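**Q** model this:
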Amino acid sequence: MMNTNKYINPLALFPFILVFYEITNYLANDMYLPALPFLAKDLTISAHLAQMTLTVWFLGTASMQLILGPISDRVGRRPVLIGGGIIFISSTIFCALAPNIKILLIARFFQGCSVCTIGTAGYSSIHESFNRHKAIKILAIMGSITVLAPAFGPLIGGLIIHWLNWRWIFGILALLAFIAVLILWLKMPESLPKEKRNFIVWSSIFKNYKNIIFNYQFTLNTLIFCFTFLGMIAWIAAGPFLVIEKFHLSTFSFGIFQAMVFGSLILGSQVVKYMVENVGANKLINFGLAISFIGSALAFISTFFLPHFLLGLIIALMLFAFGSSLAFSPSHRIAIESCTEPMGARMAIFSSLMCLFGFAGGLLVSLTYSGTLNWMANLMLIVTIAACLCRLIYCKI
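**A** All right, here's what the predicted structure looks like:
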């Protein structure tokens, strides 16, 4: 019988290996969301300080991108990604054992730092290996799998808290991350051959970064992604307190609402996968932003006239999430395609901006959260208008 293994593209399974590892990283936020009120009581801290454990994680995710991008262009994608995995496992163990909020915040920061390697090394491999339509499809598939973390992570975390406590969540995540990193070490191919690697010359790197940032096609498409992403992060940070504390519902109820919102994000990713070749990336972005705006406007109107109608906000969030998902992958790919600089540099800037917006979303919640549905609706409308303005400027230039 003919051996067909040699005909299998070694990168064919890599996106699924990467997304399995990525999910463990994102579960570090999503699985313990229902635990935030319990964590606050256990460590005798305020709700705002408990929300800071999300904020410092995003600060970590934005802290190392600009350094790791050039490093991955020099040493390759594989060692950078696996090295980040080792840091993630170690910091997650520290989270599980943290005796006070100071140790937990430090461990959460380093957890976030390890995520930097996914964008600079992992996603660089995806963009280097596939053309536009194929890459957008793969990004959509990966996105639909990755959002299983925020969709079902709170539900799983709620079940764990029901039987154990919040520390076990991090212990389980450390074990999952160990398995994921072991598979990466055994199976991850290297997409950047030695002859294509660049020496680290910081003057050239800073020039590359400047060129990327001042490339309006890159920046505007990245901002479209980032503004809608900020809206989702705001819900992730504020949702547990709105549902569990404000409306006195169970962690299981919060998990159901989270599954509804992020299930819409998954549905949007599936639509992208099937429509990108027929409709095109630019029309998908337009459709997505239009739907997100409708969802945000519905949230604003609903919470203005019915300030205690939680289900109305959830339905509006589902529309917002679905529209955002239509725009995510196309805007991501168009931004990356617009530059000719090394892929590691492009992904470093893109990931840094995304993570800075994630950090801003968490910080915004920590500083302005009022415990009302109208607060969330106003924030959704603001970020959607900002994303639509970026798209309008991009189309006019």
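
**Q** And the strands in this protein?
**A** Counting by DSSP state E, one finds no strands in the chain.

**Q** For it, name the helix or strand with the lowest mean pLDDT.
**A** Every helix and strand in the chain was compared by mean pLDDT, DSSP states H and E; the lowest is helix 132-146, with a mean of 68.

**Q** in the stretch 101-250 of the chain, what spans have low per-residue confidence?
**A** 131-132, 139, 141-151, 191-193, 195, 197-198, 200-202 (pLDDT under 70).

**Q** can we see that at 80?
**A** 119-155, 158, 162, 189-203, 237, 240, 245 (pLDDT under 80).

**Q** for it, what spans make up the helices?
**A** Using DSSP state H, counting those that start in this stretch, the helices of the stretch 101-250 of the chain run over 101-117, 123-129, 132-146, 148-163, 166-187, 202-213, 216-240.

**Q** between the ones you listed, which gets nearest to C355?
**A** Of all these, helix 101-117 sits nearest to C355, with 7.6 Å by C-beta to C-beta. Bear in mind the C-beta positions are built from the backbone N, C-alpha and C, glycine included.

**Q** Name the surrounding residues that touch that closest one.
**A** Under the criterion C-beta atoms under 8 Å, 6 or more residues apart in numbering, residues 25, 28, 43, 45, 49, 52-53, 56-65, 68, 72, 80-81, 83-85, 87-88, 90-92, 94-95, 98, 351, 355 lie in contact with helix 101-117.

**Q** just stretch 381-397 next, same as before
**A** Stretch 381-397 is contacted by residues 216-217, 220-221, 223-224, 227-228, 230-231, 234, 285-286, 289, 292-293, 295-297, 299-300, 320, 327 when judged by C-beta under 8 Å, 6+ apart.

**Q** Type out the ChimeraX command that picks the buried ones from those residues.
**A** The buried residues among the contacts of stretch 381-397 can be selected in ChimeraX (16 or more other C-beta atoms under 10 Å) with this line:
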select :220,221,223,224,227,228,230,231,234,285,286,289,292,293,295,296,297,299,300,320,327
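
**Q** Now tabulate the helices of the stretch 101-250 of the chain in a markdown table and tack on distance to L39.
**A** Below are the helices of the stretch 101-250 of the chain laid out as a markdown table (distance: least, C-beta to C-beta, whole Å):
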| stretch | distance to L39 |
| --- | --- |
| helix 101-117 | 8 |
| helix 123-129 | 31 |
| helix 132-146 | 24 |
| helix 148-163 | 10 |
| helix 166-187 | 5 |
| helix 202-213 | 37 |
| helix 216-240 | 10 |
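
**Q** Go through those and name the closest to E277.
**A** helix 132-146 (5.4 Å).

**Q** Which parts of the stretch 251-397 of the chain are helices?
**A** Secondary structure of the stretch 251-397 of the chain (DSSP H, counting those that start in this stretch): helices located at 251-279, 281-305, 310-337, 343-368, 373-396.

**Q** what comes up buried for the fourth one?
**A** Along helix 343-368, the positions that meet the burial threshold by neighbour count (16+ other C-beta under 10 Å) are 343-366.

**Q** The third one now?
**A** Applying a neighbour-count criterion of 16+ other C-beta under 10 Å, the buried positions in helix 310-337 are 310, 312-337.

**Q** try the shortest one
**A** When neighbours are counted by 16+ other C-beta under 10 Å, the buried residues of helix 373-396 are found to be 373, 375-381, 383-384, 386-388, 390-391, 394.

**Q** so that helix versus helix 281-305, what angle?
**A** Helix 373-396 and helix 281-305 are oriented at 150 degrees to each other (axes from the mean of the first three to the mean of the last three C-alpha atoms, to 10 degrees).

**Q** Can we start the residue count at 19 from this point?
**A** All set: I'll call the first residue 19, so the last point we hit is now helix 391-414.

**Q** quick one: helix 391-414 to helix 234-258, angle?
**A** Using the same axes, to 10 degrees: helix 391-414 against helix 234-258 is 170 degrees.

**Q** now helix 391-414 against helix 328-355, angle please.
**A** Using the same axes, to 10 degrees, the inter-axis angle of helix 391-414 relative to helix 328-355 is 30 degrees.

**Q** pull the CA atoms of helix 391-414 into CSV?
**A** Extracted C-alpha coordinates of helix 391-414, given in CSV (Å, rounded to 0.1, in the frame of the first residue of the first chain):
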residue,chain,number,x,y,z
LEU,A,391,-26.8,48.0,32.1
ASN,A,392,-26.8,51.5,30.5
TRP,A,393,-23.0,51.8,31.3
MET,A,394,-22.3,48.7,29.2
ALA,A,395,-24.6,49.8,26.4
ASN,A,396,-23.0,53.3,26.2
LEU,A,397,-19.5,51.7,26.0
MET,A,398,-20.7,49.3,23.2
LEU,A,399,-22.1,52.2,21.1
ILE,A,400,-18.9,54.3,21.6
VAL,A,401,-16.5,51.6,20.4
THR,A,402,-18.7,50.7,17.5
ILE,A,403,-18.9,54.3,16.3
ALA,A,404,-15.1,54.5,16.5
ALA,A,405,-14.7,51.3,14.5
CYS,A,406,-17.2,52.6,11.8
LEU,A,407,-15.3,55.9,11.6
CYS,A,408,-12.0,54.0,11.0
ARG,A,409,-13.7,52.1,8.2
LEU,A,410,-15.1,55.2,6.7
ILE,A,411,-11.7,57.0,6.7
TYR,A,412,-10.1,53.9,5.2
CYS,A,413,-12.7,53.9,2.3
LYS,A,414,-12.3,57.6,1.7
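
**Q** and that helix, what's its mean pLDDT?
**A** Per-region confidence: helix 391-414 scores 93 on mean pLDDT.
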